[in-house]
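1. Here is a sequence with its predicted model. Questions after.
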Number of protein chains: 2
Amino acid sequence: MSQTVSRAMEIIRFIGPSPRSLGEIAEHIGVHKSTALRLLQTLEQDGFARHLPDGRHTVGFAIIPLAQYAIDQIDIRTLAHPFLQRLAAQQGHTVHLAQLMDDDVIYVDKVDGSGTVAMGSRIGLPAEGHTAGVAKVVLAHLPESVREEAIERLGFQRHTPTTIVTPGAFRRELDLVRQRGWAEDDGEKEDYINCVALPVFDASGRVTIGMSVTALRAVAPLAELREQMPEYRRVAQAISRELGWNGDEHERR
Amino acid sequence: MSQTVSRAMEIIRFIGPSPRSLGEIAEHIGVHKSTALRLLQTLEQDGFARHLPDGRHTVGFAIIPLAQYAIDQIDIRTLAHPFLQRLAAQQGHTVHLAQLMDDDVIYVDKVDGSGTVAMGSRIGLPAEGHTAGVAKVVLAHLPESVREEAIERLGFQRHTPTTIVTPGAFRRELDLVRQRGWAEDDGEKEDYINCVALPVFDASGRVTIGMSVTALRAVAPLAELREQMPEYRRVAQAISRELGWNGDEHERR
DNA sequence: CACAGCCGTTGCAACATATGCAACGGCATC
DNA sequence: GATGCCGTTGCATATGTTGCAACGGCTGTG
């Protein structure tokens, strides 16, 4: 293991959220300022960090295309994409796939329907934990201790009158998700958009991926999406079988 | 400068585009395999690299949120965003801002109009060089030698009957962009979407940023967007003045 | 205006770590 | 079964990283 490389990466993690001074960085990684400065100079030479005019240091743009490579290599995309495309074309609605990675449910694929819709979801970015259907469906199926930790991290910011804003109400929502087999976003992030989200099971019956169908409320309200649930369930299970799932959705780990 | 950190970063750049074996990596950075392995082990411990089941190494997901931080800190967004929001609200069309970074014109902001539209543009991702309005308008205003190098890198893949697919035709298009002062995407990437793009000048009269207005052809065909050109030019110049531009758009470097 | 304090930075010697070597086990090929 | 190449590890040592001392610049205070 390389201590020098570890330090450099810790610097990048530290300066990412907000720009930092040399002294702060040296203190954070526990080295002399001259050491931190040399590490920064190297990171900056290669575009992984930037030296701002005010003297502080921040993350560099060379990381952006590398992140895109990381996104492009998410395996489930290749496997699931044809299913999403068919569903989007057939139903006319936007379909997402999102996967749990570390502590976030990250959008990993998105196929727009016809009669299209703009929304804040972006591949590579996390779904909002307390509003997005895909996040709810993944959270609902996590082991309880993991789920409780995740719930504690949620901010429960209100966006619309239907946003769930307490942990208790959110737990009841997740209970409902498990009971009926799908999650819903009832205009909780943007009040003109709703969606349903289905679990995607892996070979061991776990759920770390969710698939959602999203529509403008004016075009297809929740009731209409619910009517299509048998078809959505069929597609989510077809993707699950591609992942080696072979059982009933009521199987639990 | 830290040689060790440089090597680690070169490893990340090398394994990003496609996964690589330990031997390839060691050869690429010019060290013994055991050295490359230790550097990789450190990168993998922190999520900057991943060790695939087949033994190869690729870029890790921890880079994705860092890239988002980098995107979030692009200064022009803060400055230009109110202009884009006003224009989008007033015109009802989607407005983009894109900026030249290294060899790509990267979408750095995007405001959706009302009566919304889905499109492949994503913040942090590059605009396609030979079709996107923002890319054409930035390319058109580059110094000639830089422009020629950029044109040589373009793939000229046809997407629709109106896609420009030869360097010669593309050069003539850029001549036209400079002459009339704006670029167009005439359904060249998706045949149902068109846009116009205006140059944003900086304090020295250079153009590394473009602003575009995009609409569904069915909603607002090119002719209709062209009618609004005085207003679009006014907004682009207002943003330019915020950047310190003080002259006539015919000023050249 | 002088001074103190803190910042970012550099040259250099000491030393701690990164490095390459030799060897290993595993796997594929002949 | 032998060979070649892969990824990997222990260890000695060479070297690059590291901290120290000192520097100039900037800001705030008296």
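-> Received it, and whenever you're ready, just let me know what you need. Residues are numbered from 1 along each chain as shown, chains lettered A, B, ... in the order given.
2. Return the helix or strand in chain A with minimum mean pLDDT.
-> Ranked by mean pLDDT, DSSP states H and E, the helix or strand of chain A with the weakest confidence is helix A:63-72, at a mean of 81.
3. What is that helix packed up against?
-> If you count contacts as 3 or more C-beta pairs under 8 Å, 6 or more residues apart in numbering or on different chains; DSSP states H and E, helix A:63-72 packs onto strand B:57-59, helix B:63-72. Placement of C-beta: from N, CA and C, glycine included.
4. Need the contact partners of the last one.
-> Looking back up the chat, that one is helix B:63-72. Applying C-beta atoms under 8 Å, 6 or more residues apart in numbering or on different chains, the contact partners of helix B:63-72 are A:12-13, A:16-17, A:58-61, A:63-64, A:66-68, A:70-71, A:104, A:106, A:124-125, B:12, B:47-48, B:108, B:123-124.
5. Now the stretch 51-200 of chain A against DNA strand C: closest residue?
-> Residue nearest to DNA strand C within the stretch 51-200 of chain A: residue A:55 (4.4 Å; C-beta to the nearest atom of the strand).
6. helix, strand or coil for that residue?
-> coil (DSSP: H, G, I helix; E, B strand; the rest coil).
7. Now do the contacts for the closest residue to it other than its chain neighbours.
-> Spatial nearest neighbour of residue A:55, excluding adjacent residues (C-beta to C-beta, 6 or more residues apart in numbering or on different chains): residue A:21 at 6.6 Å. Counting by C-beta under 8 Å, 6+ apart, residue A:21 touches A:55, A:56, A:57.
8. Quick one: buried ones out of the residues you listed?
-> A:56, A:57 (16 or more other C-beta atoms under 10 Å in any protein chain shown).
9. Reformat the contacts of residue A:21 into a markdown table and put distance to DNA strand D and pLDDT next to each item.
-> Formatted as a markdown table, the contacts of residue A:21 follow (distance: C-beta to the nearest atom of the strand, whole Å; pLDDT from 0 to 100):
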| residue | distance to DNA strand D | pLDDT |
| --- | --- | --- |
| A:55 | 9 | 84 |
| A:56 | 14 | 88 |
| A:57 | 16 | 92 |
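10. quick check, nearest of the contacts of residue A:21 to residue A:138?
-> Of all these, residue A:138 sits closest to residue A:57, with 35.0 Å by C-beta to C-beta.
11. Surely that closest one and residue A:40 touch.
-> Yes. Here residue A:57 reaches residue A:40: they are 5.5 Å apart, a contact under C-beta atoms under 8 Å.
12. Looking at the residue nearest to residue A:55 now. What's its pLDDT?
-> Listed pLDDT for residue A:21 reads 92.
13. Please identify the residues of the stretch 51-200 of chain A in proximity to chain B?
-> Within reach of chain B by C-beta under 8 Å from any C-beta of the partner chain, the stretch 51-200 of chain A has these residues: A:58-71, A:73, A:94, A:101-102, A:104, A:106, A:112, A:116-118, A:122-125.
14. if you set the cut-off to 6 Å instead, what comes out?
-> Within reach of chain B by C-beta under 6 Å from any C-beta of the partner chain, the stretch 51-200 of chain A has these residues: A:58-59, A:61, A:63-64, A:66-67, A:69-70, A:73, A:101, A:112, A:116, A:118, A:124.
15. Which strand residues bridge residue A:198?
-> residue A:211 (DSSP bridges).
16. Need the per-residue pLDDT for it.
-> In this prediction residue A:198 is given a pLDDT of 96.
17. ok, back up a step: can you work out which residues contact both of residue A:57 and residue A:40?
-> Residues touching both residue A:57 and residue A:40 (C-beta atoms under 6 Å, 6 or more residues apart in numbering or on different chains) are residue A:49.
18. residue ranges with poor pLDDT in the stretch 1-150 of chain A?
-> A:102, A:115-120, A:124 (pLDDT under 70).
19. Pull the contacting residues for residue A:109.
-> Each residue near residue A:109 by C-beta under 6 Å, 6+ apart is listed here: A:77, A:81, A:97.
20. let's see 10 Å
-> Contacts of residue A:109 were listed using C-beta atoms under 10 Å, 6 or more residues apart in numbering or on different chains, and they are A:71, A:74, A:76-78, A:80-81, A:83-85, A:95-99, A:123, A:211.
21. now swap in residue A:195 and tell me
-> A:93-96, A:119, A:121, A:131-134, A:183-189, A:212-215, A:220, A:222, A:225.
22. Selection in PyMOL covering whichever of the residues you listed are buried, please.
-> Those of those that count as buried under 16+ other C-beta under 10 Å are selected in PyMOL with:
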select buried, chain A and resi 93+94+95+96+119+121+131+132+133+134+183+184+185+186+187+188+189+212+213+214+215+220+222+225
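23. Next, name the residue at the spatial heart of chain A.
-> Most central in chain A under C-alpha atoms, centre = their mean is residue A:106, positioned 2.0 Å from the mean C-alpha point.
24. is it true that residue A:12 touches residue B:48?
-> Yes. Between residue A:12 and residue B:48 there is a contact at 8.3 Å, judged by C-beta atoms under 10 Å.
25. For the two, list the residues in contact with both.
-> A:48, A:63, B:9, B:62, B:63, B:66.
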